[in-house]
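**Student:** Fold the following.
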Amino acid sequence: MQKLQAQYAQYLSDLSAKQRWNFAFALLNDLNTNLPFDLLKDVIPNLPAIHTHSLDTDIIAIIFDDIKAAKDEYGFTISELAAFSEMLAKHTELSIGQSFDAINHVLEIGLSNYSQSVHEFDVFLTRFDIATEKTDRHL
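**Tutor:** Purely as a prediction, here's the structure:
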């Protein structure tokens with residue numbers, strides 16, 4: 001995992017703070033697709049709209065309530081997804097440190113859900129490549 005972090009340290013440092021947010025969102029959205037949870041599956045796709053002010057304040061409050069409920073009331077994976085969602089909901093840009101927090105959330109989720117074999121975890125790690133490709137397309 002240290003090798004993965006080192007690999008992405010340079011990549012993330014070359015991105016702007018907004019591009020780091022986009023990279024983290026690509027990772028979170030991919031996890032939402034592959035590990036859907038009813039309470040968050042509709043929340044996560046709406047996170048960018050929080051920052052564009054295209055959502056009503058009542059809807060934003062509901063999103064934060066759903067994230068809090070997922071963090072506090074459910075198991076490890078859902079709690080990690082919620083903490084990751086909360087970070088992106090609260091910030092329009094990510095520092096390098098916050099970007100590493102995002103990577104750590106993803107790795108914790110991967111270790112918890114995709115560690116039955118080395119191959120399964122290696123396949124899981126390709127999500128980082130997918131997020132990189134999506135981010136690079138928007139540069």
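
**Student:** which other helices and strands contact the helix or strand of the chain with the lowest mean pLDDT?
**Tutor:** Considering only helices and strands, the least confidently modelled element of the chain by mean pLDDT, DSSP states H and E is helix 2-13, at a mean of 81. Counting contacts by 3 or more Cβ pairs under 8 Å, 6 or more residues apart in numbering; DSSP states H and E, helix 2-13 is packed against helix 96-113, helix 118-137. The C-beta positions use only the backbone N, C-alpha and C, and glycine is treated the same way.

**Student:** pLDDT weak spots in this structure?
**Tutor:** Within the chain, the stretches with pLDDT under 70 are 1, 139.

**Student:** residue nearest the centroid of it?
**Tutor:** When Cα atoms, centre = their mean is applied to the chain, the residue found nearest the centroid is Leu28 (2.9 Å).

**Student:** can you tell me which residues contact that one?
**Tutor:** Contacts for Leu28 (Cβ atoms under 8 Å, 6 or more residues apart in numbering) come out as Ile44, Leu47, Leu81, Phe84, Ser85, Leu88, Ala102, Val106.

**Student:** what's around Leu47, how many residues?
**Tutor:** 24 (other Cβ atoms under 10 Å).

**Student:** Now tell me what touches stretch 89-105 from outside.
**Tutor:** Contact with stretch 89-105 is made by 4-5, 8-9, 12-13, 16-18, 20-21, 23-24, 27-28, 47, 50-51, 63-64, 67, 80-81, 83-84, 87-88, 128, as judged by Cβ under 8 Å, 6+ apart.

**Student:** Would you list the buried entries among those residues?
**Tutor:** Applying a neighbour-count criterion of 16 or more other Cβ atoms under 10 Å, the buried members of those are 8, 12, 20-21, 23-24, 27-28, 47, 50-51, 63-64, 67, 80-81, 83-84, 87-88, 128.

**Student:** Take those and keep only those in strands.
**Tutor:** Of the positions in the buried ones among the contacts of stretch 89-105, not one sits in strands, assigned by DSSP state E.
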